[in-house]
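Peer 1: What follows is a predicted structure for the sequence shown.
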Amino acid sequence: GNSVTQMEGPVTLSEEAFLTINCTYTATGYPSLFWYVQYPGEGLQLLLKATKADDKGSNKGFEATYRKETTSFHLEKGSVQVSDSAVYFCALSEETGGFKTIFGAGTRLFVKA
Amino acid sequence: EAGVAQSPRYKIIEKRQSVAFWCNPISGHATLYWYQQILGQGPKLLIQFQNNGVVDDSQLPKDRFSAERLKGVDSTLKIQPAKLEDSAVYLCASSSPGMYNEQFFGPGTRLTVL
């Protein structure tokens, strides 16, 4: 079945450091890929998405490229801020008689001032 | 545009008691999801509705969990009787057709079972 694997956290960085959170997936077809972010005490919110191979999703300085050849969708940001501290979830969604979304376990990011 | 509303935000009950959660999705969103998020894990789909029909409830523990969406809008998730392992955050989300299944989440209900 479909699955999503992301790097374990927590990830601790200093402000302005470069961020990479790895995400790989397995899917039977051609899923859409997402990164969701969850700030403390809040629900998940969509950060960015890519719907086909080689698409790059971007938002708020974050980027991720849909790599079909490596089945990956790594999240990157060139310079993190304290306000980026949150839990990040990689997810895939595939239409199999109704869209079904599978989430990774999440990666907690701490950014120190 | 109003977001997904959930209530209550927090609930503490004793094991074997019953509890109900309510969700109001974004207006016009036909698809509604209930997820269980255990501390340190990603959300796990419990049930997915398309309008008022069930699309997927394969991971819903049907001996104790039930959900309904009678008029294709609001939804209620019930647990009866609750077990200690049901302690989690219950998230409701909704989505609209044609958006590649981008989901909009409510703030969640944190359930503690003692």
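Peer 2: Sure, I can see it. Numbering: from 1, shown residues only, chains lettered A, B, ... in the order given.
Peer 1: Once you drop chain neighbours, what's closest to residue B:16?
Peer 2: In space, not counting the residues next to it along the chain, residue B:16 is nearest to residue B:81; the distance is 4.3 Å by Cβ to Cβ, 6 or more residues apart in numbering or on different chains. Every C-beta, even on glycine, is put in place using the N, C-alpha and C of the backbone.
Peer 1: doesn't residue A:109 make contact with residue A:9?
Peer 2: Yes - with contact defined as Cβ atoms under 8 Å, residue A:9 reaches residue A:109; the gap is 6.8 Å.
Peer 1: When those two are compared, which one has more neighbours?
Peer 2: More crowded of residue A:9 and residue A:109, by other Cβ atoms under 10 Å in any protein chain shown: residue A:109, with 21 against 16.
Peer 1: give me the low-pLDDT residue ranges for chain B?
Peer 2: Residue ranges of chain B with pLDDT under 70: B:1, B:98-100.
Peer 1: For it, list the residues in contact with chain A, please.
Peer 2: With Cβ under 8 Å from any Cβ of the partner chain as the criterion, chain B meets chain A at residues B:4, B:31, B:33, B:40-45, B:48, B:50, B:55-56, B:91, B:93, B:95, B:100-108.
Peer 1: dump the residue contacts of residue A:75.
Peer 2: By Cβ atoms under 8 Å, 6 or more residues apart in numbering or on different chains, the residues touching residue A:75 are A:19, A:20, A:21, A:23, A:35, A:47, A:62, A:63, A:64, A:88, A:90.
Peer 1: so what's the first one closest to, chain neighbours aside?
Peer 2: Going back to what we said before, that points to residue A:19. In space, residue A:19 is closest to residue A:77, 4.4 Å off (Cβ to Cβ, 6+ apart).
Peer 1: All set now, cheers.
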